[in-house]
Structures are given as structure tokens and as C-alpha cells.
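**Q** With the input below, show me the fold.
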Amino acid sequence: MSIKSNIEYVNELKGKAAEKSGRKAEDVLLVAVTKLHEPAEINEAIDAGITDIGENKVQEIMNKYDAVKPVRWHLIGHLQTNKVKYIIDKVCMIHSVDSLKLAKEINKRAEQHDLTMDILIQVNSALDENKFGITTEETDALISQIAEECPHVRIRGLMCIAPFEENTENARPYFAAVKKIYDKYAAQRTERVDFRYLSMGMTNDFEVAVEEGSNLIRVGTAIFGYRDYRKEEK
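**A** The predicted model follows:
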């Protein structure tokens, strides 16, 4: 199948999942994950209607940025503080903020560029040792600290990566736990804490995530096929 056909199929599944949660397909943003894929493939996806792409690594954004057609870039992978400066003026949102230290660096660089950076707080609701993110219990405190100390940062919601499950039904509790926190803040939006995005769900589990309330899914393999990990930097 072509990239265009794959996108159409993902959108079809996304729409069916959205209907189950009382929403429409257009209520859920599809971010195409482009890790290890070439600019030509990314441009093909953009031509097929993709408006937002997600990269895991700063270096890949830097390498591809000028070769990719106009699109909204998202940094969805773990971000080191010393690399914030390279992408602060290139991405529309950073999904993986899990510390006040990182938020302060984003705030510092955003101020230098006279902009406000949208971020998501990464929540590790499964307490998975192999993944980044804070616990559900730590979320309120971090949101409060960032809102108080980082005037050039706007918290737009939460991000969650559930553990890989052969039976994706097993991921529901992890998504539901983050949705519960999201709903609390979405009901009391402020200028600095303006929840609009619940980033949950990837190729393996995005249908369950949408059914549990996700309104932003990050899908790579189902669009581009399996990645060639031999190309990844050691």
C-alpha cells in the first residue's frame, strides 16, 4: 500500500474509534511520526494531507527541516536541556516535558526568541521503568511550578506512552488515568495552563487511546512502514 492509502486507512480507524467516544474523526489530530524516514517520504505524506509531523530526536529535525515542505513540527521524544536551543524556533509543540529543569530551559530559549512555547507534560501512568515521564501523583505539582516560574511556556495538555501490549485492551487503564487528569485541567483553563491536547496512542494502540479520550495520536509505522533501524545513530 502507498503512504497515501495508509493515511486514509489510519484516518478511517481513527474515525471509528472517535465515534465510539462520541466524537468525530476531525476531533482527533493525526501526527505522523517520521523517525528514520527520508524527506521524500515525509513530503509524500504531506501531499496526502498530513499537516503535523513528529520527530523523536533533535538531530533529525535539524537534518530534515529545510528539505521538508511547510508543516507543523512536534518534538515527541525525550529532550535534553542542552538541545532545546536548536529546535525552539522550529517546533510548534514539545510533547515530552517531565521536569521543571527542562521547562525552565525551554522558557529561557523561548524568551530569547520572543515566543511562547506550547508543551505537553509527559505522564508515565504505567510506572514503566523503560519510559520517561512523571507519575500521575506528581503531575499537579509540576504543572503548578511551570505555570508559576515559566512565563514563556504554555502547558497545552498531557502526553502518555503506554507499555506495548499484545492485547491493547490492557492499555486502557493507563490511558484512562491520564484522561482523568486532563479533564480536570481542561475544565479550568487559564492563559498559561490551557489544556487542548491529550497526546496518547501510537500505531499499536491508537484506537484504544482514542476510545479512552485521546485527541492527538502519534502514528509512524502504520503510515510509513517499518523503520530501518540500521540508519539510527549509535
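**Q** beta partners for residue 199?
**A** Listed by DSSP bridges, the beta-bridge partners for residue 199 are residue 159, residue 216.
**Q** which residues touch it?
**A** Contact analysis of residue 199 by Cβ atoms under 8 Å, 6 or more residues apart in numbering lists 31, 76, 95, 120, 157-160, 214, 216-218. Every residue, glycine included, has its C-beta placed from N, CA and C.
**Q** 10 Å instead, please
**A** 29, 31, 54, 74, 76, 93, 95-96, 120-122, 156-161, 178, 182, 209, 214-218 (Cβ atoms under 10 Å, 6 or more residues apart in numbering).
**Q** and if you look at residue 184?
**A** 139-140, 195.
**Q** which one of those residues sits closest to residue 12?
**A** Nearest to residue 12 among those, counting by Cβ to Cβ, is residue 195 at 27.7 Å.
**Q** re the thing from before, ChimeraX command for the buried members of the contacts of residue 199?
**A** Applying 16 or more other Cβ atoms under 10 Å to these, the buried members can be selected in ChimeraX as follows:
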select :29,31,54,74,76,93,95,96,120,121,122,156,157,158,159,160,161,178,182,209,214,215,216,217,218
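**Q** export the helix or strand encompassing residue 139 as CSV, just CAs?
**A** Assigned by DSSP states H and E, residue 139 falls within helix 139-149. The C-alpha trace of helix 139-149 is given here as CSV (Å, rounded to 0.1, in the frame of the first residue of the first chain):
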residue,chain,number,x,y,z
THR,A,139,1.5,15.9,37.8
ASP,A,140,-0.3,18.6,39.7
ALA,A,141,2.9,19.9,41.4
LEU,A,142,4.9,20.1,38.1
ILE,A,143,2.1,21.9,36.3
SER,A,144,1.8,24.4,39.2
GLN,A,145,5.6,25.0,39.2
ILE,A,146,5.9,25.5,35.5
ALA,A,147,2.9,27.9,35.4
GLU,A,148,4.4,29.9,38.2
GLU,A,149,8.0,30.0,37.0
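**Q** switch to numbering from 8
**A** Noted, 8 is the first residue going forward, which turns the last one into helix 146-156.
**Q** Give me the helices and strands touching that helix, please.
**A** Counting contacts by 3 or more Cβ pairs under 10 Å, 6 or more residues apart in numbering; DSSP states H and E, helix 146-156 packs against helix 107-119, strand 124-129, strand 160-167, helix 179-193, strand 200-207.
**Q** give me that answer again for 7 Å
**A** In terms of contacts (3 or more Cβ pairs under 7 Å, 6 or more residues apart in numbering; DSSP states H and E), helix 146-156 is packed against helix 107-119, strand 124-129, strand 160-167.
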